[in-house]
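Visitor: return a 3D structure for these sequence lines:
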Amino acid sequence: MLRSHGLAYGPPVRTARYAGPPLFARGHKRRTLLAVALPLVIGIGIGVLIGDGLRPPAAEDTRTGTAPTARNEPVQLEYTDMPCDPGSSVLVLHSLEGAMSAEDVDVLLRYETMWVKHRENANPALRDQTALLTRRDDVCDAIVPDDPRFTQFVWIGPFQSAVAPSLCEALLKVVGKNCIPAQVVR
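Guide: Numbers count the residues shown, from 1 in each chain. Okay, here's the model as predicted:
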């Protein structure tokens with residue numbers, strides 16, 4: 001070993017460097033990923049193609065006996081007068097502003113009707129109930145809010161006033177927030 005100015009010269013020192021997996025193993029991960037991803041992508045593509053072919057033609061709705069609304073026709077909302085019998089209540093589920101589109105209101109009505117049907121086993125009073133829509137002018141006087149922005153109301157009922165609060169719980173809704181048991185006559 002030679003020494004010059006305090007440095008040692010000698011055989012080069014070999015250090016171990018990690019060069020990654022062997023070359024034959026590097027392609028294995030890619031092949032595995034390709035073997036899994038390719039059938040998945042092909043399966044999704046075939047499913048989409050088959051799914052579009054399985055859509056039934058526009059047929060008559062068995063529940064209402066009417067043909068479904070075409071996408072280019074505007075949705076026609078059906079309004080109902082709210083019954084205002086003494087001793088009864090309705091569950092006000094939504095107070096809507098007039099700026100809400102008819103399509104969105106229709107979706108909301110369908111959703112609430114579906115939810116009531118889903119929860120009807122929780123309380124027998126919910127059987128055969130559907131979400132109804134009423135204009136501000138056709139709502140019972142005791143229910144009309146002071147805020148004039150609310151022009152439509154989604155509700156179910158009528159029910160006996162003593163039963164109404166328990167129905168909000170049966171629907172898994174919060175009393176006073178997204179379910180207001182409102183007496184129709186005060």
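
Visitor: start and end of stretch 160-167, how far apart?
Guide: End-to-end span of stretch 160-167 (C-alpha to C-alpha, to the nearest Å): 11 Å.

Visitor: please apply the same query to stretch 129-140.
Guide: So stretch 129-140: terminal residues 19 Å apart, C-alpha to C-alpha.

Visitor: buried set for it?
Guide: For stretch 129-140, a neighbour-count test (16 or more other C-beta atoms under 10 Å) marks 129, 131-134, 136, 139-140 as buried. For every residue, glycine as well, the C-beta is placed using N, CA and C.

Visitor: do the same with stretch 91-103
Guide: So for stretch 91-103, counting by 16+ other C-beta under 10 Å, buried means 91-96.

Visitor: which of those lies closest to L77?
Guide: L96 (10.6 Å; C-beta to C-beta).

Visitor: that closest one against D147, yeah?
Guide: No: applying C-beta atoms under 8 Å as the test, L96 and D147 come out as separate, 11.7 Å apart.

Visitor: contacts only, for L108.
Guide: By C-beta atoms under 8 Å, 6 or more residues apart in numbering, the contact set of L108 is 94, 96, 131, 154.

Visitor: give me every residue that touches the first one.
Guide: Meaning H94. 108, 112, 153-154, 178.

Visitor: can I get the buried part of those as one ChimeraX selection?
Guide: Burial among the contacts of H94 is assessed by 16+ other C-beta under 10 Å; the matching ChimeraX selection reads:
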select :108,112,153,154
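
Visitor: show me the contacts of H94 that map onto strands.
Guide: The strands, defined by DSSP state E, take in 153-154 from these.

Visitor: which of the contacts of H94 sits closest to Y79?
Guide: Distances from Y79 to these, taken by C-beta to C-beta, are shortest for F153, at 10.0 Å.

Visitor: tell me what the closest one is bridged to.
Guide: S95, T134 (DSSP bridges).
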